[in-house]
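Enquirer: What would the 3D arrangement of this be:
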Amino acid sequence: MSYTCVCVRTLTSISKHQHNSCLSLLICIMGNFVIFDCYQCLMLLSDVTLTKLVGDDSMARMFWEWRSLTHLHYLAAFSGAVYAINQPISSLQLRRIESLSLITNIIAKGSMFLVLIGATISWAAGPLQHFSYNNTHTYFGIVPILTFLYVRNLSHGLRENHNRLFSWMGQYSLEIFLLSRHTLFHGKFAIFVPGYPNVNFVVVCVVILFTARALNNLTQILRQMLLPENEEQNSIILASAFTFGLLILYSFAKLLCWTDLLTLGSIFTITIILGVLLYQTIMDTTWLEYRSRSQGRPSSTEAAESNVTKVIVPISGVMSVFTISLVWYGWACYSGTIGALNMSCIDHVNRGFWLPIHACSVRSSLQESINYFGYEECEDFIVGKQWVWPNDDPINCGFRFRGINDIKSSLLQKRVTFIGDSSVRSLFYALCRSMGDYDAGQYEGVASHSDLRRLFTSANIEYKWSPLSVDIVTKLKSMRTTGLSSGKPMPDLLIAGGGAWDKLHMAATDEDQQSYVETVTKLAFELNYLREQGIPVVWFVPPVINTPALNSDEKRVQMSELSLEDTRRMYRELRVLSSATFVLDGPSFTKERVTDSFDGIDYPKDVYDAGVQILANAFDWIVEPSDATDELDFMKPNVHVVANLYLSAQMFVFALIGLFFFDAYYGLSYLAQIFVRKITVAPTDLYQDAFARILPSSSVSHASEEHTNSFGREIMGLLGHSTGRSMHSTTQLNRRR
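Expert: Numbers count the residues shown, from 1 in each chain. Predicted structure coming up:
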């Protein structure tokens with residue numbers, strides 16, 4: 001946005017200071033290079049300036065968030081400013097070319113058209129893959145835009161006609177852009193029609209369009225009232241007061257967050273109070289002017305000054321805000337998008353089921369399956385299953401899929417410890433996959449019976465191999481005696497589970513059975529002790545055993561599903577489950593997938609991924625949110641992947657061409673001069689004539705003379721002395737012509 005302001009400001013004085021405006025924009029792009037593409041400068045600014053001088057890393061996290069959100073389009077405003085400054089020259093070039101013969105016209109325009117189309121095709125064929133697109137969009141996103149602009153103005157007929165829909169939407173483009181960022185992106189999609197994503201998308205788009213229109217109209221009205229035209233002094237005073245008011249509101253919002261009073265009720269109350277104050281302020285500042293304009297209509301003035309009129313407007317505003325808040329809260333509660341889940345949902349989070357995905361359904365396309373069947377066979381051919389929660393729960397918990405950013409945000413600056421057998425290890429791998437490590441659990445090898453650890457910037461996830469309940473007790477006791485006494489870091493979340501292998505190794509005789517009961521009792525004591533110390537404890541109940549798939553007769557006898565059900569009952573009776581903060585019920589998400597257990601014990605990865613989704617929804621009430629809630633903090637180590645020094649240098653060169661050679665198409669406009677012999681159509685030769693149509697002739701003459709004296713010196717300083725002399729002499733030669 002700063003480039004747009006610079007562009008508008010410099011266009012008003014371009015007749016006298018064309019070279020100064022170019023240098024100003026050049027300085028702007030150099031500053032953006034330091035902020036967005038110089039990785040060493042970024043680290044210095046973040047780690048030294050913002051962290052050490054301020055003494056808190058919150059400013060650094062805010063900087064990285066702002067940088068991550070703006071990097072993809074930080075050159076867009078600059079490119080628009082360059083095009084706006086050079087637009088009169090480009091327009092004059094097109095008109096001069098159109099005054100020539102038809103063949104010359106087609107050849108001159110076709111040369112630029114072919115180059116732009118070729119560049120657009122090359123751009124679309126290469127970096128449209130997801131990661132490549134994100135890495136190069138900043139630098140190459142201008143290519144299709146320039147192509148569209150050139151084609152849009154290619155002929156007189158195209159310039160005379162326009163699409164009314166695009167024209168209507170263009171009036172609200174800023175509001176649409178801002179609303180879409182908050183409703184369609186950042187992993188928090190607005191949900192008005194749960195279960196029907198395509199219908200919901202249409203509804204959201206319609207709401208965005210009409211909301212953008214209302215916001216635009218409201219902004220225009222307030223701007224005319226608070227920032228009146230031709231009253232610069234009053235506008236400055238009101239703008240300063242508005243900025244000061246925003247700072248006060250921001251400080252007040254921080255205070256509400258600090259005191260945990262940021263609720264829908266408090267927001268509603270503050271909105272009503274501030275709305276009434278704003279209404280009264282506007283009335284006080286504009287009433288005298290309204291009275292002066294209504295002197296000839298005393299009846300309307302008396303009606304406006306009546307008590308009923310003064311009261312009915314604030315009451316209408318209060319009712320409107322109340323209605324909007326009520327509707328929004330109802331939608332959000334129904335779709336499960338309001339804050340954290342309620343504690344009453346703890347009894348429902350394990351009650352999901354596996355939904356079959358048929359070959360011809362829309363969801364099957366997500367698995368990249370190929371349909372070889374007709375529509376009659378589709379319902380009988382299942383390509384996969386997806387874990388879902390029913391919509392008929394009475395309290396509308398709104399369980400939903402938790403993405404990478406959701407889980408990372410929940411576990412920000414947390415230490416999570418897994419203790420248990422192979423099923424717990426598979427759950428550990430599933431959590432790592434849910435946080436972005438997609439290769440987790442791919443190859444175990446010799447490390448299958450050893451401890452594991454994964455670091456996700458601010459989250460530490462570790463697994464401790466403990467196949468038997470006695471091993472779990474030993475690990476927990478060691479954690480209690482050494483950790484709490486010596487001050488070693490304790491886990492912020494403990495996830496333990498086991499019991500499947502106990503029947504095979506610990507319950508062979510009556511003495512073993514008695515010892516086993518004592519071990520489980522100690523296990524309940526250790527879990528309860530850690531929970532009382534403020535450590536959230538999750539107990540993972542062993543999944544269902546596929547008895548026929550076990551690889552030995554001994555296992556099929558000792559580890560059968562009937563035997564394991566007795567073990568689950570004993571753990572429940574000995575208060576292991578009641579000693580945990582939350583119980584992840586393994587049978588609930590494995591009983592429908594028993595036949596998928598290839599060895600009788602382990603399941604495919606998507607089954608454990610469903611378990612992690614249950615666990616992630618339960619994070620809302622078992623994990624305390626971190627003070628550092630900025631989930632984009634995880635993007636910091638990957639900044640050097642997005643920032644590209646060489647492509648930034650390339651854009652710097654194009655910026656020099658666009659600014660100092662007066663070409664909105666960054667040098668491509670000079671191709672037309674190759675095919676035009678009778679007149680000059682090069683942008684440097686059209687400068688004086690182009691701005692003579694807009695600015696007074698004296699100003700243009702002054703600008704031309706100043707440009708002649710200073711242009712060579714600027715290019716000599718930027719591109720070298722030899723290039724500077726050549727360009728200076730070329731400019732003087734063109735002037736003599």
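Enquirer: Just give the number of residues close to the nearest residue to Ile545 once chain neighbours are set aside.
Expert: Nearest residue to Ile545, sequence neighbours excluded (Cβ to Cβ, 6 or more residues apart in numbering): Glu561, at 4.4 Å. Just so you know, the C-beta spots here come from the backbone N, C-alpha and C atoms, and that holds for glycine as well. Look at Glu561: counted by other Cβ atoms under 10 Å, it has 16 neighbours.
Enquirer: looking at it, Glu561 is touching Pro543, isn't it?
Expert: No. Contact criterion Cβ atoms under 8 Å: Glu561 and Pro543 do not qualify, at 10.0 Å.
Enquirer: quick one: low-confidence parts of the stretch 301-450 of the chain?
Expert: 301-310, 330-343, 358-383, 392-396, 444-448 (pLDDT under 70).
Enquirer: Would you state the helices of it in chain order?
Expert: Here the stretch 301-450 of the chain has its helices, by DSSP state H, counting those that start in this stretch, at 307-335, 375-378, 404-410, 422-434.
Enquirer: now the stretch 501-650 of the chain
Expert: Under DSSP H, counting those that start in this stretch, the stretch 501-650 of the chain gives helices at 502-505, 510-532, 553-558, 561-573, 586-590, 605-622, 639-642, 645-660.
Enquirer: picking that back up, mean neighbour count and distance to Thr547 for the helices of the stretch 301-450 of the chain - can I get that in TSV?
Expert: Listed next are the helices of the stretch 301-450 of the chain as TSV, based on neighbours: other Cβ atoms under 10 Å; distance: least, Cβ to Cβ, whole Å:
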stretch	mean neighbour count	distance to Thr547
helix 307-335	13	41
helix 375-378	12	33
helix 404-410	20	34
helix 422-434	23	16
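Enquirer: so which of these comes closest to Pro467?
Expert: helix 422-434 (7.4 Å; Cβ to Cβ).
Enquirer: Counting neighbours, which bits of the next helix or strand after the closest one end up buried?
Expert: For helix 422-434, the succeeding helix or strand toward the C-terminus, using DSSP states H and E, is strand 452-456. For strand 452-456, a neighbour-count test (16 or more other Cβ atoms under 10 Å) marks 452, 454, 456 as buried.
Enquirer: now, among these, which is nearest to Tyr250?
Expert: Phe456 (30.9 Å).
Enquirer: For the closest one, name its beta-bridge partners.
Expert: Judged by DSSP bridges, the bridge partners of Phe456 are Ala459.
Enquirer: That one against Gly436, yeah?
Expert: Yes. Taking contacts as Cβ under 8 Å, Phe456 lies within contact range of Gly436: 7.0 Å.
Enquirer: what touches both of the two?
Expert: Lys408 (Cβ atoms under 8 Å, 6 or more residues apart in numbering).
Enquirer: Any stretches of the stretch 51-200 of the chain with poor pLDDT?
Expert: For the stretch 51-200 of the chain (pLDDT under 70), the answer is 51-69, 126-134, 184-190, 194-195.
Enquirer: mind listing the strands for it?
Expert: For the stretch 51-200 of the chain, applying DSSP state E, counting those that start in this stretch gives no strands.
Enquirer: Just give me the neighbour total for Met559.
Expert: Met559, neighbours per other Cβ under 10 Å, totals 22.
Enquirer: OK, contacts around it?
Expert: Met559 neighbours (Cβ under 8 Å, 6+ apart): 500-501, 503-504, 545, 547, 550, 600-601.
Enquirer: Apply 10 Å and report the result again.
Expert: Taking Cβ atoms under 10 Å, 6 or more residues apart in numbering, we find Met559 in contact with 500-504, 542, 545, 547, 550, 552, 567, 600-601.
Enquirer: do the same with Ala108
Expert: 93-94, 96-98, 100, 671-676, 681.
Enquirer: and the two most separated of those?
Expert: Glu98 and Ile674 (17.4 Å).
Enquirer: Could you check how far Arg453 is from Gly31?
Expert: 42 Å (Cβ to Cβ, to the nearest Å).
Enquirer: re the thing from before, and for Glu561 and Pro543, which residues touch both?
Expert: The contact sets of Glu561 and Pro543 overlap at 587, 591, 594 (Cβ under 10 Å, 6+ apart).
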